[in-house]
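# need a 3D model of the sequence below.
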Amino acid sequence: MKNITIIVALMISMVTFAQEVKPKFEKEGKMVKATYFHDNGEIAQTGYLKDNKLHGQWFMYDTNGKKIATGKYVDGTREGKWLFWRGDVLREVDFVDNRITNVKNWNQSEVVSIH
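The predicted model follows:
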């Protein structure tokens, strides 16, 4: 019986610590600033919403807070130049109407591939 009580107490304590990190929304003029979080509390994404659609510059981060991507949305679709960091490679991706039109991979100031 004592063991069951200890197990139940441990399970209750795990549930109370396993809380989901909820996004934060702040109204700024006609737009809403959105901040989404990883489970560890670090910022995952930040940007703006306009009429409930992604709009403007967005930034994405890994679980350690390191920036991994940035780009612009226009009324929910990707537009213009997006940058993605992965290890030593910076990937530059051009979007028009949410479609990829050009991709360049950079490695320490050199283009390593163009698609």
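# for the rest of this, base every contact and every neighbour count on C-alpha atoms.
Will do.
# okay, and the residue lying closest to residue 81 once chain neighbours are set aside sits in which element?
Nearest non-adjacent residue to residue 81, counting by C-alpha to C-alpha, 6 or more residues apart in numbering: residue 94, 4.5 Å away. Assigned by DSSP states H and E, residue 94 falls within strand 89-96.
# likewise for residue 45?
strand 43-50.
# what's the spacing between residue 62 and residue 56?
20 Å (C-alpha to C-alpha, to the nearest Å).
# who has more neighbours out of these two?
residue 56 (18 against 15; other C-alpha atoms under 10 Å).
# give me the element the more buried one is part of.
Going by DSSP H and E, residue 56 is part of strand 53-61.
# residue 46 versus the residue nearest to residue 81, what's the distance?
20 Å.
# now swap in residue 87 and tell me
Taking C-alpha to C-alpha, one finds residue 87 at 22 Å from residue 46.
# which parts of the strand holding residue 94 are buried?
89-95 (16 or more other C-alpha atoms under 10 Å).
# before we move on, the earlier item: and the angle for the strand holding residue 56 with strand 43-50?
160 degrees (axes from the mean of the first three to the mean of the last three C-alpha atoms, to 10 degrees).
# what does strand 53-61 contact?
43-49, 67-77 (C-alpha atoms under 8 Å, 6 or more residues apart in numbering).
# paired strands for it, with orientation please.
Using DSSP bridges, the strands paired with strand 53-61 are strand 43-50 (antiparallel), strand 67-74 (antiparallel).
# which parts of the first one are buried?
The neighbour-count criterion (16+ other C-alpha under 10 Å) identifies 43-49 as the buried residues of strand 43-50.
# so how far is residue 49 from residue 42?
20 Å.
# let me fix that, I meant to ask about residue 20.
Applying C-alpha to C-alpha to residue 20 and residue 49 gives a distance of 22 Å.
# quick check: what element follows the lowest-mean-pLDDT helix or strand in the chain along the chain?
None of the helices or strands of the chain scores lower by mean pLDDT, DSSP states H and E than helix 2-17, at a mean of 46. Where DSSP H and E defines the elements, the next helix or strand beyond helix 2-17 is strand 24-28.
# counting contacts, what elements does that next one pack onto?
Where contact means 3 or more C-alpha pairs under 8 Å, 6 or more residues apart in numbering; DSSP states H and E, strand 24-28 is packed against strand 31-37.
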